[in-house]
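Novice: I would like the atomic coordinates for the input below:
(one chain, ligands or ions: 2)
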Amino acid sequence: MPRDQHTVTRKYISSNALKVLYRLDKGGFDAYLVGGGVRDMLLGIEPKDFDIATNATPEEIKGLFRNCRLIGRRFRLAHIVFGREIIEVATFRGHHENDGTQKACQKTSKQSDHGMLLRDNIYGSINEDAERRDFTINALYYSARDFKIYDFANGVKDIEQRSIRLIGDPETRYREDPVRMLRAIRFATKLDMKISKETSAPILPLGELLSHIPPARMFEEFLKLFISGKAKANFDMLRDYNLLKHLFPIVEQVLNQKETPQMIELIELSLNNTDKRINNNQRVTPAFLLAALLWYPLQQRIVALKHSTDLTPQDAFFNALGEIMGEQQRSIAIPKRFQAPMKDIWILQDKLARREGKRAYKCLEHPKFRAGYDFLLIRGEIEGGDAQELASWWTEFQHADSDKQQILLKSLPSSRSGARRSVRKRRKPKKTVTPQ
Ligand code: ATP
Ligand code: MG
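Specialist: Ligands and ions are numbered 1, 2, ... in the order given. This next block holds a predicted model:
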């Protein structure tokens, strides 16, 4: 496609990506902008990042750029680092030999028993590279040398028809890399496109293959699906294709029991809030969403432990927390930096309920007070009753001056009952340690 027939212009390409393209070109290599960058510009969307494909090997790329880092084992890539912007440069991928030669090239390419590509470092031509990409709309190459778009798989037509279509035989392509099922969903919601019939048909029967994906990679995919401004749409579509269970098995299980109708409401509200925040350029943390997704499964586990053991409420809470986290980690490896605030949000649900004496002031100083309070607000909205009252109390308390704070503390149920205490026998307040 010559320059006058498409809408991709250098004006919308990051200057760092252009620098990389020109430097590779000067170094005597072919270099193209590829993937999301080209696709999104054709769709009139601002690209999230810019990926480059070249015939230079990772070592040759490194030789051209001082700010270059080589990364990845499964898929070796060069990252050219410009402050906060990273331009990803990949060497053209080639085809895999599925004959006796496979043993000889195990260092560069490796397949699992399920047909999954464990390593994909065989280099090839641009035509071969295009065939190794996932969807036709992702196999469009823009050259900064002649400003043409090279379309190897009818990607332009699929962009026009708004169709997500795998290149090659869908079943083989999903077997090579089951994450492509999640990517199909992500692109469908992000680009407001339809997954073609041939590409969507194998997802239900092959979904189980996702259980072979390492949990660390699943966490990356979770972020792309849920911290993207399309969390709610992705959640719904994942459920439609019965894939949620590979990301959140316990969530899917508890949702299916239909014993906790509030659970889906809480999850949907959190997903929608996350999307709204992202679309308003506000900060979000995955910890909040994860805490919301697993909140009712955690509650259910606490109740079960209280029934089946004689653990103290506090021990039941921490044991349940350990179990839920442990089970979740088998699907998605949640980094420690997000696990800690998830736990804080959960623990705060109990702390926020116990406000007597200096406790309320201590809560305000808790480093995760904001997240804990925001979570309580959502619970209040869904659960009503005590949670809602508690949330309103905290809304008032945190903004009140010290006189008003004193009044609010005095209005707590335990102090109010003081009047009745004179006529009734004084009872020791019952301690509850677990969150409500
Ligand atoms: P975005 O960055 O907007 O999420 P993208 O299409 O650029 O979308 P990336 O994950 O950045 O997606 O990947 C860049 C390109 O690399 C893709 O467009 C596709 O051509 C190729 N690619 C990425 N992941 C795979 C995969 N699992 N299988 C085949 N090709 C892939
Ligand atoms: Mg990209």
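
Novice: Which single residue of the stretch 101-250 of the chain ends up nearest ligand 2?
Specialist: residue 138 (8.7 Å; C-beta to the ion). C-beta here means a position set from N, CA and C on the backbone, and glycine is covered the same way.

Novice: got the contact list for that residue?
Specialist: 34-36, 39, 155 (C-beta atoms under 8 Å, 6 or more residues apart in numbering).

Novice: Distance of it relative to residue 183?
Specialist: Counting by C-beta to C-beta, to the nearest Å, the gap from residue 138 to residue 183 is 9 Å.

Novice: Let me know the pLDDT of residue 423.
Specialist: Confidence at residue 423, expressed as pLDDT, is 39.

Novice: swap in residue 415?
Specialist: So residue 415 comes in at 46 (pLDDT).

Novice: list the helices and strands whichever helix in the chain runs longest packs on?
Specialist: Ranked by residue count and defined by DSSP state H, the top helix of the chain is helix 286-308. If you count contacts as 3 or more C-beta pairs under 8 Å, 6 or more residues apart in numbering; DSSP states H and E, helix 286-308 packs onto helix 215-226, helix 249-257, helix 261-279, helix 313-329, helix 336-351, helix 369-383.

Novice: make it 10 Å
Specialist: Using 3 or more C-beta pairs under 10 Å, 6 or more residues apart in numbering; DSSP states H and E, the elements in contact with helix 286-308 are helix 215-226, helix 231-240, helix 249-257, helix 261-279, helix 313-329, helix 336-351, helix 369-383.

Novice: Mind listing what's buried along the longest one?
Specialist: Which is helix 261-279. The neighbour-count check on helix 261-279 (16 or more other C-beta atoms under 10 Å) flags 263-264, 266-271, 273-275, 277-278 as buried.

Novice: how near is the residue of the stretch 151-300 of the chain found nearest ligand 1 to residue 294?
Specialist: Among the residues of the stretch 151-300 of the chain, residue 177 lies nearest to ligand 1; the distance is 4.5 Å by C-beta to the nearest ligand atom. For residue 177, the distance to residue 294 equals 28 Å [C-beta to C-beta].

Novice: now do residue 260
Specialist: For residue 260, the distance to residue 294 - C-beta to C-beta - is 12 Å.

Novice: so what sits against both of these two?
Specialist: residue 254 (C-beta atoms under 10 Å, 6 or more residues apart in numbering).

Novice: Quick one: residues contacting the residue of the stretch 251-400 of the chain found nearest ligand 2.
Specialist: Of all residues in the stretch 251-400 of the chain, the one sitting closest to ligand 2 is residue 278 (17.2 Å; C-beta to the ion). Taking C-beta under 10 Å, 6+ apart, we find residue 278 in contact with 226-231, 284.

Novice: likewise residue 1?
Specialist: 8, 42, 140, 142, 147-151, 156.

Novice: All the helices of the stretch 1-150 of the chain, residue numbers only.
Specialist: Using DSSP state H, counting those that start in this stretch, the helices of the stretch 1-150 of the chain run over residues 15-26, 36-42, 58-64, 126-132.

Novice: thinking residue 366 is in contact with residue 350, fair?
Specialist: No. Residue 366 sits out of contact with residue 350 when judged by C-beta atoms under 10 Å, with a separation of 12.0 Å.

Novice: Common neighbours of the two, please.
Specialist: residue 372.

Novice: returning to what we had before: which one of residue 177 and residue 294 has more residues nearby?
Specialist: residue 294 (24 against 18; other C-beta atoms under 10 Å).

Novice: Okay, the residue nearest to the more buried one when sequence neighbours are not counted and residue 351: tell me how far apart.
Specialist: Of all residues not flanking residue 294 in the chain, residue 324 sits nearest, at 5.7 Å (C-beta to C-beta, 6 or more residues apart in numbering). For residue 324, the distance to residue 351 equals 19 Å [C-beta to C-beta].

Novice: Neighbour count: those two, which is higher?
Specialist: residue 324 (21 against 17).

Novice: ok, now which ones touch the more buried one?
Specialist: So residue 324 contacts 250, 294-295, 297-302, 342, 346 (C-beta under 10 Å, 6+ apart).

Novice: Low-confidence stretches in this protein?
Specialist: Along the chain, the model assigns pLDDT under 70 to residues 97-109, 115, 117-120, 414-436.

Novice: for ligand 2, what are the nearby residues on it?
Specialist: For the chain, the contact set with ligand 2 under C-beta under 5 Å from the ion comprises 36, 49, 51.

Novice: Can you select the buried ones from these in PyMOL?
Specialist: Per 16+ other C-beta under 10 Å, the buried members of the residues of the chain next to ligand 2 correspond to this PyMOL selection:
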select buried, resi 36+51
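
Novice: List just the nearest of the residues of the chain next to ligand 2 to residue 401.
Specialist: residue 49 (47.3 Å; C-beta to C-beta).

Novice: in stretch 338-349, what counts as buried?
Specialist: So for stretch 338-349, counting by 16+ other C-beta under 10 Å, buried means 338-339, 341-349.

Novice: how about these in TSV, adding distance to residue 246?
Specialist: Below are the buried residues of stretch 338-349 laid out as TSV (distance: C-beta to C-beta, whole Å):
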residue	distance to residue 246
338	19
339	20
341	24
342	20
343	24
344	27
345	24
346	24
347	28
348	30
349	28
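
Novice: Show the subsequent helix or strand relative to the strand or helix carrying residue 183.
Specialist: Here residue 183 sits within helix 179-191, counting by DSSP states H and E. Once the chain leaves helix 179-191, the next helix or strand it forms, by DSSP H and E, is strand 194-195.

Novice: If you count contacts, what does that following strand end up packed against?
Specialist: Counting by 3+ C-beta pairs under 10 Å, 6+ apart, strand 194-195 packs on strand 163-164, helix 179-191.

Novice: can you pull the contacts of residue 183?
Specialist: 134-135, 138, 164, 166, 177, 221, 224-225 are the contacts of residue 183 under C-beta under 10 Å, 6+ apart.

Novice: Give me the number of neighbouring residues for residue 41.
Specialist: Counted with other C-beta under 10 Å, residue 41 comes out at 23.

Novice: can you tell me how far it sits from ligand 1?
Specialist: Distance from residue 41 to ligand 1, counting by C-beta to the nearest ligand atom, to the nearest Å: 11 Å.

Novice: before we move on, what about residue 92?
Specialist: Counting by C-beta to the nearest ligand atom - residue 92 and ligand 1 are separated by 12 Å.
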